[in-house]
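Student: make a model of this:
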Amino acid sequence: MKATIITSIALSVLGLAPALAGKAFVSNERGNTITVVDTDSWEVIAEFFGGNRPRGITVSPDGKLLYVCASDDNIVRVFDTETYKEIYTLPSGPDPELFVLHPSGNPLFIANEDDNLVTVTDTETHAILAEVPVGVEPEGMAISPDAKFVVNTSETTNMAHFISTGDYQIKHNVLVDQRPRYAQYTADGTRLFVSSEIGGTVTAMDIAPDGTPSVIGKIKFAVPGVLPEWLQPVGVKITHDGRRVFVALGPANRVAVVDGATLEVLDYILVGQRVWQLSFTPDEQFLLTTNGNSNDITVIDVKKEKAIKSVQVGQQPWGVAIID
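Tutor: Numbering: from 1, shown residues only. Coordinates of the predicted model:
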């Protein structure tokens, strides 16, 4: 399968994508494709080759570039968000799984699961700027709003590592519960949430003005009729105002709704099977979930905190990134 468009559902004869109000790009881990969904109609409009085992996915600040962790290719593939053509690749280190982009668009901070490293790659020169040794099986990546710290979670070491973007040195290590998978700052940078898949919790930390973290609590989950071992937190997203924290609960097939101030679980939203990752539309009207076992995404109305639609995508959807 070549790195070109495989199928195109609503493309012109010239092979170009139509102008759309918004698009969601879904990485299909087993299908090796990226599915494109129109966020107005919620219709699939294209699908293209995304590399072998695409997982982490994000877009450039201007929305023109799509970055994809092609885990089995050991590279990051970069695509044009209009034509869906691959423009170039970036060095990533072995088995890139998740990454986070600097707010300026450069550099890219990449978790290398197999080598216990965070690779820092310049998106303009395509050079590797640094390789930061972290714990065993690094995965989750977050960047503080002021871009002074990058956080990596190591699945086997069970830690969140706070890396200075100034000198690429680890300044703080925080022990969390078993198998941390994801990290997310609030928009004001005063709080950080880290999900622990096997531990079944989300650790909440207050962040001091100098970036120093302190654990303030752990969020636990309980769903009637769902076995405790199925409650496996993975993806986390927080509304801009910090009032709501949404947590994907894996094989529980639920997204938890958490009060961002009190850390109280308010509700559970039923979604597709084995929900992995989450992403807001830019206006935060909708939250999309990737459901790895049902091969679909669920659209959640954020204000109503209710699922409103399911959209079939590719095989084993993993990540999702959205542009206007």
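Student: T190 contacts I207, correct?
Tutor: Yes. Contact criterion Cβ atoms under 8 Å: T190 and I207 qualify, at 5.6 Å. (Each C-beta comes from the backbone N, C-alpha and C, glycine too.)
Student: who's more crowded, those two?
Tutor: Set T190 next to I207 and count neighbours by other Cβ atoms under 10 Å: I207 wins out with 21 against 14.
Student: now R179, nearest residue through space, not along the chain?
Tutor: Ranked by Cβ to Cβ, 6 or more residues apart in numbering and with sequence neighbours excluded, the top spatial neighbour of R179 is I198, at 4.0 Å.
Student: pLDDT value on that neighbour, please?
Tutor: At I198, the model reports a pLDDT of 97.
Student: list the contacts for it?
Tutor: Contacts for I198 were tallied using Cβ atoms under 8 Å, 6 or more residues apart in numbering; they are 177-179, 232.
Student: contacting residues around the helix or strand V36 falls within?
Tutor: Using DSSP states H and E, V36 maps to strand 33-38. Contacting residues not belonging to strand 33-38 are listed as 6, 17, 20-28, 43-50, 54, 57, 66, 68, 79, 84, 297, 311, 313-315, 317 [Cβ under 8 Å, 6+ apart].
Student: in strands, which of those appear?
Tutor: The members of these that map onto strands under DSSP state E are 6, 23-28, 44-49, 54, 57, 66, 68, 79, 297, 311, 317.
Student: please point out which parts of the strand or helix carrying A160 sit buried.
Tutor: Remark: A160 resides in strand 159-164, with elements defined by DSSP H and E. Under the neighbour-count criterion of 16 or more other Cβ atoms under 10 Å, strand 159-164 has 159-163 buried.
Student: likewise stretch 43-57?
Tutor: By 16+ other Cβ under 10 Å, the buried positions in stretch 43-57 come out as 44-51, 53-57.
Student: just put these in a markdown table and tack on distance to D115.
Tutor: Below are those laid out as a markdown table (distance: Cβ to Cβ, whole Å):
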| residue | distance to D115 |
| --- | --- |
| V44 | 35 |
| I45 | 37 |
| A46 | 33 |
| E47 | 31 |
| F48 | 29 |
| F49 | 25 |
| G50 | 22 |
| G51 | 19 |
| R53 | 16 |
| P54 | 19 |
| R55 | 16 |
| G56 | 16 |
| I57 | 21 |
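Student: which members of those residues are the farthest-apart pair?
Tutor: With Cβ to Cβ as the measure, no two of the buried residues of stretch 43-57 lie farther apart than I45 and R53, at 23.4 Å.
Student: ok so, going back, between the buried residues of stretch 43-57, which is closest to K171?
Tutor: Using Cβ to Cβ, these come closest to K171 at G56, 23.9 Å.
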